[in-house]
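Asker: Quick one, what's the 3D model for this:
(2 chains)
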Amino acid sequence: MIPRPETGSAARALLLLLLFLLAAGPLLLLLLLSFGEGWFWPALLPAEFSGSAWGSLASGASGTRLLRAALNSLLLGLSTGLLASLLALPLGRQLARLTGWRRMVGSAAAFLPVAAPPVTLGVGLNYTFLVSGLGGSFIGVLLAHLIPALGYTCLFFMGYFEVYDDRLDEAALTLGASRAQLFRPVTLPLLRRPLLEAALLGFLISWAQVPLTLLIGQGLVSTLPLELLSYVNAGQDRFAAAGAIILTLPALLTLAVAGLAIKRTGAVVA
Amino acid sequence: MRGTQPAYGMLAAFVVAAPVLVGIAYCAAGVLGLLGDTAGGSVNWSVLADAATWRSVGWSFWAAGASTFLALVGAVAVAALCRSTRSSDRAARALAVLPLPIPHIVAALVGLLVLAQSGLLARIAYSLGVVGAPAEVPVLVYDGLGVGFILTMAAKEIPFLALIAISLAGGDLRPVEESARTLGASPAELFRRITLPLLLRGMMPATVAVFVFVFGSYEVAAMLGPTAPAPLPVLITESYAGASLERRTEAYLLSLLALLIACVAVAAHELLRRDMFRRLPG
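Answerer: Coordinates of the predicted model:
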């Protein structure tokens, strides 16, 4: 047991309170706003509660729009996650095998799409997407989301294969198995978990993406974050709060399922 | 197995980085007027001589630096103060990491709802009798200093940095601290001369990652940042969407500038990571 430096329990209690507010506050505030009625200055709480904002958001033309955006977001997220994890598995494995200066180049290469500001990628790649007919299309937006997602998932698999124990593979090879024979009974079961975690990571990157969708999608591909942005710009706070809840809950759920896989990437998420 | 086929590894590196390299190439071509969607002719560097450009770059550096610093302080506080297996410490560690997947646009909306002049904070101040009307509340959003942006981004990035800090404090640091203690270090000395410096050094790569991420992030800057100077990512989109072809050339040039800054950060990240692995035992 390492002794702790002398710190007041008051400071620790304050820290705990602050962390609680940061964790629970946002969702609580969004729930209050989306279900609240007549929440005018300087009231601390809404005058009354009703589901009217949720009701009008879900019905009629706005409901259809939101549903289309949600479906687009879901499809984009799932395809980005799936493609990114399947591509990053072999790429990350090769990158993890590099040593010395090559190792640094490999790691920098995987970090580059994560660090590059998405608006600059959108600006730099828009022309290519337009010329190839992908601008403003679902596939175009998917490919754009895949760029940062592949960076994250490659970093993830680099971290994974750094500690991956290939003695099981080697043992099976020594016993006369071929690489192909090895795959189903040995390699695949070992990789199922990291593949799922990487896919969820890719899902999160796509799910929260705004600038690449705006620039490459040219406003023709609607997603949940873009709907949220338009509610905010239109001053429809209650719709925005409801949209934010719809956007946040699956993300929190994803993290719960993925565990803390993100630690392996060593880079910021979403 | 390691290092047997560096050619495949280098090919993998190229594949991952290729879209960014293509983006850089197109921005450069755009600056030179080769893409046909700009005014063309001679290269227009005037945007680099414009003081407004550098005010934007400066603002983005300041705001990203300040929010990264605050997030780092928060993360280190959690990792250093809440290390035991006590349930309150475990709760603190879990709570610190929980908001990790909240999308930036949601964070921006919450920042707006809390910090705006008639927002939650202002209402609490009113109920305590500190202010009488929204107009008396200090402006914390769209402000030149970027207070709203900085606070929102700091809160958004604490979970990631806390995740790294907690993992360092719970693992790599333990054996070093154990030896220092055996050698007679007092608890205060241990914290000041071993735990804190090693924690900070171990967190440097992640801190650089957070900085460059905040620097380039669009949503929070667009929703909470000032209009003048516009945060660099906002300035880039505004130039790109601008009506004139000259402004589009500006967008390519500003994108190149932002990508250059990102490349410097990537290099710093890799150098810091290498140093970390050299110096941190375990």
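
Asker: CA only for contacts and neighbour counts going forward, please
Answerer: Noted.

Asker: hey, where'd the strands end up in chain A?
Answerer: A:36-37, A:48-49 (DSSP state E).

Asker: which of those strands sits most buried?
Answerer: strand A:36-37 (a mean of 18; mean count of other CA atoms under 10 Å in any protein chain shown).

Asker: so where's chain A shaky on pLDDT?
Answerer: A:1-8, A:259-270 (pLDDT under 70).

Asker: Go through it and flag its longest helix.
Answerer: Assignment by DSSP state H gives helix A:60-97 as the longest helix of chain A.

Asker: Is that helix positioned near chain B?
Answerer: Yes. Using CA under 8 Å from any CA of the partner chain, helix A:60-97 reaches chain B at A:91-92, A:94-97.

Asker: hmm, which of those are the buried ones?
Answerer: Buried subset of the residues of helix A:60-97 next to chain B (neighbour count, 16 or more other CA atoms under 10 Å in any protein chain shown): A:91-92, A:94-97.

Asker: Which of those sits closest to residue B:7?
Answerer: residue A:94 (9.1 Å; CA to CA).

Asker: With adjacent residues omitted, what lies nearest to that closest one?
Answerer: residue B:9 (4.5 Å; CA to CA, 6 or more residues apart in numbering or on different chains).

Asker: where along chain A do the helices fall?
Answerer: A:9-35, A:52-58, A:60-97, A:100-115, A:118-131, A:138-162, A:167-174, A:179-182, A:188-207, A:211-217, A:224-233, A:237-258.

Asker: which strands and helices sit next to the longest one?
Answerer: Packing partners of helix A:60-97 (3 or more CA pairs under 8 Å, 6 or more residues apart in numbering or on different chains; DSSP states H and E): helix A:52-58, helix A:100-115, helix A:138-162, helix A:188-207, helix A:224-233, helix B:6-31.

Asker: now those helices in CSV, with distance to residue B:59 and mean neighbour count?
Answerer: Below are the helices and strands packed on helix A:60-97 laid out as CSV (distance: least, CA to CA, whole Å; neighbours: other CA atoms under 10 Å in any protein chain shown):
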stretch, distance to residue B:59, mean neighbour count
helix A:52-58, 37, 16
helix A:100-115, 19, 24
helix A:138-162, 25, 25
helix A:188-207, 26, 22
helix A:224-233, 23, 20
helix B:6-31, 23, 21
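
Asker: JSON lines for the ones you listed, including distance to residue B:50?
Answerer: JSON lines is the format used below for the helices and strands packed on helix A:60-97 (distance: least, CA to CA, whole Å):
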{"stretch": "helix A:52-58", "distance to residue B:50": "45"}
{"stretch": "helix A:100-115", "distance to residue B:50": "26"}
{"stretch": "helix A:138-162", "distance to residue B:50": "31"}
{"stretch": "helix A:188-207", "distance to residue B:50": "35"}
{"stretch": "helix A:224-233", "distance to residue B:50": "29"}
{"stretch": "helix B:6-31", "distance to residue B:50": "16"}
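
Asker: Nearest to residue B:111, out of those?
Answerer: Nearest to residue B:111, of these and by CA to CA, is helix A:224-233 at 12.4 Å.

Asker: do that closest one and chain B meet at all?
Answerer: Yes. Interface with chain B: helix A:224-233 contributes A:225, A:229, A:232 (CA under 8 Å from any CA).

Asker: CA atoms of that helix as CSV?
Answerer: Extracted as CSV, the C-alpha positions of helix A:224-233 are listed here (Å, rounded to 0.1, in the frame of the first residue of the first chain):
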residue,chain,number,x,y,z
LEU,A,224,-28.4,12.9,-36.1
PRO,A,225,-25.6,15.3,-35.2
LEU,A,226,-26.5,17.5,-38.2
GLU,A,227,-30.2,17.5,-37.2
LEU,A,228,-29.1,18.5,-33.7
LEU,A,229,-27.0,21.3,-35.2
SER,A,230,-30.0,22.6,-37.2
TYR,A,231,-32.3,22.6,-34.1
VAL,A,232,-29.6,24.6,-32.2
ASN,A,233,-29.2,27.1,-35.1
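
Asker: chain center to that helix, what's the gap?
Answerer: Offset of helix A:224-233 from its chain centre (CA atoms, centre = their mean, to the nearest Å): 18 Å.

Asker: so where's chain B uncertain?
Answerer: B:1-4, B:37-42, B:277-282.

Asker: what do you get if the cut-off is 50, keeping everything else the same?
Answerer: Chain B contains residues with pLDDT under 50 at B:1-3, B:281-282.

Asker: Tell me the spacing between the residue sitting nearest the centre point of chain A and residue A:12.
Answerer: The structure's chain A has its C-alpha centroid closest to residue A:204; by CA atoms, centre = their mean the separation is 1.6 Å. Using CA to CA, to the nearest Å, residue A:204 is found at 32 Å from residue A:12.

Asker: and if you look at residue B:28?
Answerer: 52 Å.

Asker: The longest helix of chain A to helix A:100-115, inter-axis angle?
Answerer: 170 degrees (axes from the mean of the first three to the mean of the last three CA atoms, to 10 degrees).

Asker: can you pull the buried residues of helix A:60-97?
Answerer: For helix A:60-97, by 16+ other CA under 10 Å, it's A:65-66, A:68-70, A:72-86, A:88-97.

Asker: how about the strands of chain A, which one is nearest chain B?
Answerer: strand A:36-37 (13.8 Å; CA to the nearest CA).

Asker: And the helices in chain B, which stretches?
Answerer: Under DSSP H, chain B gives helices at B:6-31, B:46-49, B:51-81, B:87-97, B:104-115, B:120-127, B:147-170, B:173-182, B:187-189, B:196-216, B:219-224, B:232-241, B:245-279.

Asker: Next, the angle from the first one to helix A:138-162.
Answerer: Between helix B:6-31 and helix A:138-162, the angle comes out at 140 degrees (the same axes, to 10 degrees).

Asker: The third one too?
Answerer: Our comparison of helix B:51-81 with helix A:138-162, counting by the same axes, to 10 degrees, yields an angle of 40 degrees.
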